[in-house]
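A.B. asks: Just need the structure, nothing else, for what follows:
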Amino acid sequence: MGDSMALAELTERKYRCMDVCAAIRLRTDWRPPYALSTALGLLSIEMPRMSSPPRTGRRLRSGMVNDSREHIVVAVPHANRKYRVNGVDAVVWRFPMETVTVERQFVCTSPACTWAMFAAHLDLGELIVLGDSMMRRDGRLRRTTVDELELYLDGAEEYARREGEEGRPCRMFKGYADCRRALPVIRQGTDSSMETRTRLALMRYGLDCPRVNYPVSVGRGGNTLYLDLAYPEFKICIEYDGSHHAGQWLNDVRRRQLLEDAGWKYIQVTSMDIGDAAAEADLAGRVAARIYEVTGVVMPLTERKTIRQVCDARSRHRRPMYIRLGFTPLLDPDGGCR
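C.D. replies: Numbering: from 1, shown residues only. Below is the predicted model of the structure:
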């Protein structure tokens, strides 16, 4: 399982995508907005894991544009607006076509519109991953907000209602219901898709949603570290470690030492812990064991839930774990990014 993509790699793919788009523009005057994987490439947003390809006549690859042989994807409002252009695949999007312009020349669907378009091709978990990927803590990769995603869905619903009133029945787009389910679980200020998948894995076994990028002051200088995932009420942090070069590894060792010196229980997660039910169950068990070490009370885990069950309001609105365990929080559980 691959690790998340960093700014440098996303930027490189963006310019590679721009090169392919520019080459195609020399061959045609057709200018529909770029969409789906091409929009993600232009916007420097990490591609989620696809469950089904869009119906473009060709399979949309799970990666972004890699070279001149990769097809560009555009969006049109009606099938009769499609044209045959070598290297270009068109998808029909009947709903509001919000657009943004990249580098003053490449028009693509907005992040919110792109997220909605992907809903038909992603499972619910990856729809949440994509939403998180669009609103990174790094401002250079922050493309939208939860409010903007919700506003787009509201606009699409209003469009369908107006169409129906004017005698043009219009069903909501495939995946609309999943978009609504995903919104309360999406978090702004994340750093990687693997952190999101780790967060969802813990929630599948009945653990509360951990805080994202919780700020902690450590060391004599009071330097602020942002924890990938944290249960501050128990001073437990969960850090996803991808493949690093030697210098990064040394920094991570120092980071762990600072956190443990400050009284945090540190849980390291790698790609081996995510994506497999047994491995994710073991990970949830490790977190529950640390909670027991802190509280002296057993934190019962549930049977593995579906992501849809995780998104259910009854799961999200339970009393926090520390209240259920009768434990006084060690730190403010609401002090981090929500």
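
A.B. asks: what about the stretch 151-300 of the chain, any weak spots by pLDDT?
C.D. replies: Along the stretch 151-300 of the chain, segments meeting pLDDT under 70 span 243-250.

A.B. asks: What segments of it are helices?
C.D. replies: Applying DSSP state H, counting those that start in this stretch to the stretch 151-300 of the chain gives helices spanning 176-182, 193-203, 246-261, 277-295.

A.B. asks: Please identify the deepest-packed of those helices.
C.D. replies: Mean neighbour count, computed with mean count of other C-beta atoms under 10 Å, is highest for helix 193-203 among the helices of the stretch 151-300 of the chain, reaching a mean of 24. For glycine as for every other residue, the C-beta is placed from the backbone atoms N, C-alpha and C.

A.B. asks: Quick one: distance of it to the chain centre.
C.D. replies: Relative to its chain's centre, helix 193-203 lies at 10 Å (C-alpha atoms, centre = their mean, to the nearest Å).

A.B. asks: How about stretch 207-223?
C.D. replies: 21 Å.

A.B. asks: Return the alpha-carbon coordinates of that stretch using PDB.
C.D. replies: Listed next in PDB are the C-alpha coordinates belonging to stretch 207-223 (Å, rounded to 0.1, in the frame of the first residue of the first chain):
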ATOM      1  CA  LEU A 207     -13.300   4.200  19.200                       C
ATOM      2  CA  ASP A 208     -14.100   7.900  19.200                       C
ATOM      3  CA  CYS A 209     -12.900  10.000  16.300                       C
ATOM      4  CA  PRO A 210      -9.400  11.100  17.300                       C
ATOM      5  CA  ARG A 211      -8.400  14.700  17.100                       C
ATOM      6  CA  VAL A 212      -6.600  15.800  13.900                       C
ATOM      7  CA  ASN A 213      -3.300  17.700  14.200                       C
ATOM      8  CA  TYR A 214      -3.600  18.300  17.900                       C
ATOM      9  CA  PRO A 215      -1.100  21.000  18.900                       C
ATOM     10  CA  VAL A 216       1.300  20.100  21.800                       C
ATOM     11  CA  SER A 217       4.100  22.200  23.300                       C
ATOM     12  CA  VAL A 218       7.100  20.100  24.100                       C
ATOM     13  CA  GLY A 219      10.800  20.600  25.100                       C
ATOM     14  CA  ARG A 220      12.400  23.300  27.100                       C
ATOM     15  CA  GLY A 221      11.700  25.800  24.300                       C
ATOM     16  CA  GLY A 222       8.000  25.000  24.300                       C
ATOM     17  CA  ASN A 223       8.100  24.100  20.600                       C
END
